Each structure stands twice: as structure tokens, then as C-alpha cells.
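**Q** Sequence and predicted structure below; questions after.
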Amino acid sequence: GENVEQHPSTLSVQEGDSAVIKCTYSDSASNYFPWYKQELGKRPQLIIDIRSNVGEKKDQRIAVTLNKTAKHFSLHITETQPEDSAVYFCAPYPGGWGNTPLVFGKGTRLSVIA
Amino acid sequence: EADIYQTPRYLVIGTGKKITLECSQTMGHDKMYWYQQDPGMELHLIHYSYGVNSTEKGDLSSESTVSRIRTEHFPLTLESARPSHTSQYLCASSESRGGKQYFGPGTRLTVT
């Protein structure tokens, strides 16, 4: 099955700085690479995703980059703001009609210090 | 509006009681999941389902059961609640081919 690792497990940045979280996976069949954000007391929600035929995707201050050869993808947050403070999870997925359940990374707790 | 619902949102119950946590989705998704999560910590998969009458155990499935009689409904039952079950329980769903998961608001369970 898929082995997923996220680094770092905790990250503190000053407001306005950038943050990068890396997700490493083992299943070479993975072709869908999402990032979820979970704010305190709330449910995880998808914030950005990328498919294997694309190397990078941006949405305002957040971006995801993919390196399929090295089997990792990263979440980039620029100009961080206090509302970016949350736990972030990656969950690479092989796609298709298969019945393999998602494997989530263990999460990265991001703290943005004002 | 299509969404995923969980009831109750909060539950305090004594040790040894049998409880059922409800989860319903109006998205028409075939796949549904139950996760256990302590606040801000990793998501532990308890059970999942690919469709009606199909259920599978996750890594943390002991002491609980699920059923999937209708596409939209996926209840989780704890046969005998213990203090170690105190946690948040999140239900989620996804399309058959998709990896994108939609989460419910969660049930926060406290076993005294």
C-alpha cells in the first residue's frame, strides 16, 4: 500500500514569510495530489490539488509543485497570514476505479506569528 | 445544497454503552469513510465503503462496525464505549474515481 510521509510536522513562520510543506509517497501509480487544510475545530477541506500531467499549479498565494520522478509534491504558501495557521494534510491517490482507500500524511501544523 | 451531515455533533456517554454515529451525504458519492482524529492530529481510517453492501476495515476498526444499506447513509456503531474512544469522528465521501474527499463536520465523543 501507499506509504506517505509529510515534513516538517510543525512549522512556525513570521507573518509575510513563505512556508513550504513536503509530501513524499511510495506508490508510483499515484496520479492525484491534493492538499487539505484543517483549521482549529473545523473539518479538513481541499485547498489545492494537482494531477500527474501537470508540474505546478497556483491559486493566489498557494501553489503545489510535483516531482513524479522523485515521488514528492509540495505545498507553497507565500506572504503568509495569521489565517493560514492550521494543520495541513497531503493524500496522494492512484485514481481510477480502484477501491484503494486514501492514505493521509500525518499532518503539518503551521503557525503564522503576527 | 449537496453536503455531508453528521449527527450528533457532540455526545457524552458512559462506559459500556452502545452508540451509533450517523453520517449522510447528498452528493451521490459511492465511496464513504470514517476517520478517528484527536484534535489537530493525524487521521486514522476506521472503516470505508465502496458502495451499497460493501464495507472494509481500516487500521483502527476494532470494537466498531458499519453498514451501508443505502448509498447516502453510512452509520458507525461502537458496541461498548470505552474512555479510549474519546475523540472526534469524521465521516467523508468521494466519487468512485476521485481522490477528492469531502468531510462532514464531525462528532465529538466523550466517554466517561
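**A** The structure has been received and is ready for your questions. Numbering: from 1, shown residues only, chains lettered A, B, ... in the order given.

**Q** what residues does chain A put near chain B?
**A** A:32, A:34, A:36, A:38, A:40-46, A:49, A:87, A:89, A:91-97, A:99, A:101-102, A:104-107, A:109 (CB under 8 Å from any CB of the partner chain). Bear in mind the C-beta positions are built from the backbone N, C-alpha and C, glycine included.

**Q** again, 7 Å this time
**A** A:32, A:34, A:43-44, A:46, A:49, A:87, A:89, A:91, A:93, A:95-97, A:99, A:101-102, A:104, A:106-107, A:109 (CB under 7 Å from any CB of the partner chain).

**Q** In strands, which of those appear?
**A** Using DSSP state E, the members of the residues of chain A next to chain B that fall in strands are A:Tyr32, A:Pro34, A:Leu46, A:Asp49, A:Val87, A:Phe89, A:Arg109.

**Q** Confidence-wise, which of those residues comes last?
**A** Scanning these for pLDDT, the low point is A:Tyr32. It has 92.

**Q** That one and A:Gly95 touch, don't they?
**A** Yes. If you go by CB atoms under 7 Å, A:Tyr32 and A:Gly95 touch, sitting 5.1 Å apart.

**Q** For chain B, give me its nearest residue in chain A.
**A** A:Tyr93 (2.9 Å; CB to the nearest CB).

**Q** Tell me how many other residues crowd B:Thr55.
**A** 17 (other CB atoms under 10 Å in any protein chain shown).

**Q** Neighbour count for A:Tyr32 and A:Gly95, which is higher?
**A** Taking neighbours as other CB under 10 Å, A:Tyr32 and A:Gly95 compare with A:Tyr32 leading, 19 against 16.

**Q** which residues does the more buried one bridge with?
**A** Note on A:Tyr32: beta-bridge partners by DSSP bridges are A:Arg51, A:Tyr93.

**Q** show me what contacts it?
**A** For A:Tyr32, the contact set (CB atoms under 7 Å, 6 or more residues apart in numbering or on different chains) comprises A:Asp49, A:Arg51, A:Tyr93, A:Gly95, B:Gly99.

**Q** ok, so of the residues you listed, who is nearest B:Leu11?
**A** The shortest approach to B:Leu11 among the contacts of A:Tyr32 belongs to B:Gly99, at 30.2 Å (CB to CB).

**Q** what about B:Thr15, distance to B:Ala92?
**A** Per CB to CB, to the nearest Å, B:Thr15 is found 28 Å from B:Ala92.

**Q** mind listing the strands for chain B?
**A** According to DSSP E, the strands that chain B contains are B:4-7, B:10-13, B:19-25, B:31-37, B:44-51, B:54-57, B:64-66, B:76-78, B:87-94, B:102-103, B:107-111.

**Q** neighbours around A:Lys110, how many?
**A** Not Lys; residue A:110 is Leu. Residues lying near A:Leu110 (other CB under 10 Å) number 21.
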